[in-house]
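[1] predicted model and sequence below, questions to follow.
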Amino acid sequence: MEINDLTAAEERVCRAFPKGEPVDFREGEAGADNPATGADWGPERTVRASVLRALLLRAPQDGEIPRLRLSGARVTGQLNLMYAGVDHALHLRYCHFDESPDFYGSRLRQLNLRGSVLPSLSLASTRIDGPLRMSGCRVRGPVKLAGSEIAGALFLDGAELTTSDPSVPVLQLHQAVLGDGFAAPGLRVRGEMRLDGASVGGSITLDDADLGNPGGHALCARSIEVRADVRARNLRTQGGIDLRGSRIAGSLDFTRARLSNPGGTALRASSCTIGELWLYRCAPIEGRLHLRRSRIDVLGFESEVAPGEVLFNNLTYTALNPHEPTHHRLPLLERDGDGYVPYAYEQLAAAYRHAGDEGAARRVQLAKLRRHRATLPWLGRTWGHLQDTTVGYGFRPLRAAVWLLSLLAAGSIAFALHHPSPLKADEAPEFNPVFYTLDLLLPVISFGQEGSFAPENGYQYLSYALILTGWILATTVIAGVSRSVARQ
């Protein structure tokens, strides 16, 4: 193409480029400036991609600071800047692209595509010295940013990304490096959004976003590193969110979100390190909640948010908010897909203890022992039932006191009505039915009564029952006290 073979619209762009002046073809009429109908725009606002490429790649004249600032244009042909180094800022706002631009492997100063409509976009392995703005863009194919390095932030607020091929991720940000944040409030995606291995120097914002990929991953972000927060308030998803192996220094905030992946995993944040995880005021999660092996400083969610199945094995957290009674939290552990998970009960008890609620911690420990009992053979279950009934596995010491007082009263009355015979009449002390019963019940303390008198007939069996019951009560109480001392 000769530089003098230009239309009136292209000449206008060429005159403005060396001075960095804006060129705006928008007419301001309702509906006339919608880039979605840009295929119908006439030659008065049409610019060939080859003209733009020639401008961007030519050397600037002395004293010039060129910038391409184009708005409301129809770009025909492919804007191919593969492997090119462009030292000028590119502003292609509210434009309609007939063909997909290709910036693969290029080096750009800045790129602004706000409000534009594109068939697809290739920015894989691209280096951008400033921000990448795609606010309000509508892209009907994959946006490829895999392996790109963006020194500034990535803006996708209000953008709409769709694809006709569900097997290809519509937003490909895997292994990308963002020096600043990723701002995408109000983003609408139909297809998979992939961020595996991405590194974000600031925050990720997905407030009010709508991500849909039913039966697959709405957001696949394995092993990402975020140095600040991930905000996804009012997020709506159809499909799974996979964050396994990720490191999020700040909070992962799903407040008022609606997560849905029926029959699959709605949220997987396993093997993660997260400062705070918030699932406040959310609709009940439709799908599995998977948090195995993660380390979370503050875990915040109401119990009614959790789905029918959870996976909490080896999940470690310091604080659990809000503070709810144990009868709200314990049913979650009973729905763990791994079955009986002792560590989950220990972690919940530790969280209650960290909050200063020792009574709730004991109730969790008791629930743990009751779940464990169901895994034992019949003899162990029988012994467990006996410990539970008598003293609540040592966590109910007052129950042991009631049993001891009841047995003491029954034995004292029985032996007061029928004194046992002394073994040596001339050496035996005066019989006392209360202390004699205490001697039988307490295996450690001796008042000198048991060894001096021998009950007969049915009373002998009564003494055996008191001795056996005393040992059971003493063993379970000592076990409970030992567990309390060990925890402290």
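    Arrived safely.

[2] quick one: what helix or strand has residue 27 in it?
    Residue 27 belongs to no helix or strand when assigned by DSSP states H and E.

[3] pretty sure it is touching residue 33, no?
    Yes - counting by Cβ atoms under 8 Å, residue 27 touches residue 33, with 6.1 Å between them. (Glycine included, C-beta is placed from N, CA and C.)

[4] quick one, which of those two is more surrounded?
    When residue 27 and residue 33 are compared for neighbours, residue 33 comes out ahead with 19 against 11, by other Cβ atoms under 10 Å.

[5] buried residues, stretch 219-239. List them.
    By 16 or more other Cβ atoms under 10 Å, the buried positions in stretch 219-239 come out as 219-226, 228-239.

[6] from these, which land in strands?
    219-220, 225-226, 230-231, 236-239 (DSSP state E).

[7] tell me the centre residue of this structure?
    In the chain, the centroid-proximal residue (Cα atoms, centre = their mean) is residue 269; its distance is 4.6 Å.

[8] residue contacts, it?
    243-244, 246, 252, 277, 290-291, 294 (Cβ atoms under 8 Å, 6 or more residues apart in numbering).

[9] go on, residue 27?
    Counting by Cβ under 8 Å, 6+ apart, residue 27 has contacts 33, 72.

[10] so how far is residue 259 from residue 445?
    The spacing between residue 445 and residue 259, counted by Cβ to Cβ, to the nearest Å, is 60 Å.

[11] the more surrounded of these two?
    More neighbours surround residue 259 than the other of residue 445 and residue 259, with 28 against 9 (other Cβ under 10 Å).

[12] so what does that one have for phi and psi?
    phi -110, psi 130 (degrees, to the nearest 10).

[13] now it, which residues is it bridged with?
    Beta bridges link residue 259 to residue 237, judged by DSSP bridges.

[14] now residue 199
    residue 177, residue 225.

[15] per-residue pLDDT of it, please?
    The model reports residue 199 with a pLDDT of 97.

[16] can we start the residue count at 52 from this point?
    New numbering, starting at 52: the last item is residue 250.

[17] quick one: residues contacting it.
    Per Cβ under 8 Å, 6+ apart, neighbours of residue 250: 227-229, 275-276.

[18] SS state for residue 380?
    helix (DSSP: H, G, I helix; E, B strand; the rest coil).

[19] for residue 516, the count of nearby residues, please.
    Residue 516, neighbours per other Cβ under 10 Å, totals 13.

[20] would you turn the ones in strands among the buried residues of stretch 270-290 into CSV with distance to residue 487 and pLDDT?
    Below are these laid out as CSV (distance: Cβ to Cβ, whole Å; pLDDT from 0 to 100):
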residue, distance to residue 487, pLDDT
270, 74, 97
271, 74, 97
276, 73, 97
277, 72, 97
281, 70, 97
282, 72, 97
287, 74, 97
288, 72, 97
289, 75, 96
290, 74, 96
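
[21] secondary structure element for residue 397?
    Going by DSSP H and E, residue 397 is in helix 393-405.

[22] what lies in contact with that helix?
    350, 363-371, 377, 380-381, 384, 387, 409, 411-413, 415-416, 418-419, 422-423, 538.

[23] now do the next helix or strand after that helix against helix 393-405, angle only.
    Downstream of helix 393-405, the next assigned helix or strand under DSSP H and E is helix 409-424. Relative orientation of helix 409-424 and helix 393-405, computed by axes from the mean of the first three to the mean of the last three Cα atoms, to 10 degrees: 170 degrees.

[24] any buried residues in helix 409-424, and which?
    For helix 409-424, using 16+ other Cβ under 10 Å, the buried residues are 411-420, 422, 424.

[25] try stretch 86-104
    86, 89, 92, 96-100, 102-104.

[26] quick one: the helices in the stretch 52-201 of the chain, in order.
    59-67, 100-108 (DSSP state H, counting those that start in this stretch).

[27] so where's this protein shaky on pLDDT?
    52-55, 80-82, 110-114, 437, 440-450, 476, 525-539 (pLDDT under 70).

[28] which is the next helix or strand following the helix or strand residue 456 falls within?
    For residue 456, the element it lies in under DSSP H and E is helix 448-468. Counting by DSSP H and E, the next helix or strand C-terminal to helix 448-468 is strand 472-473.
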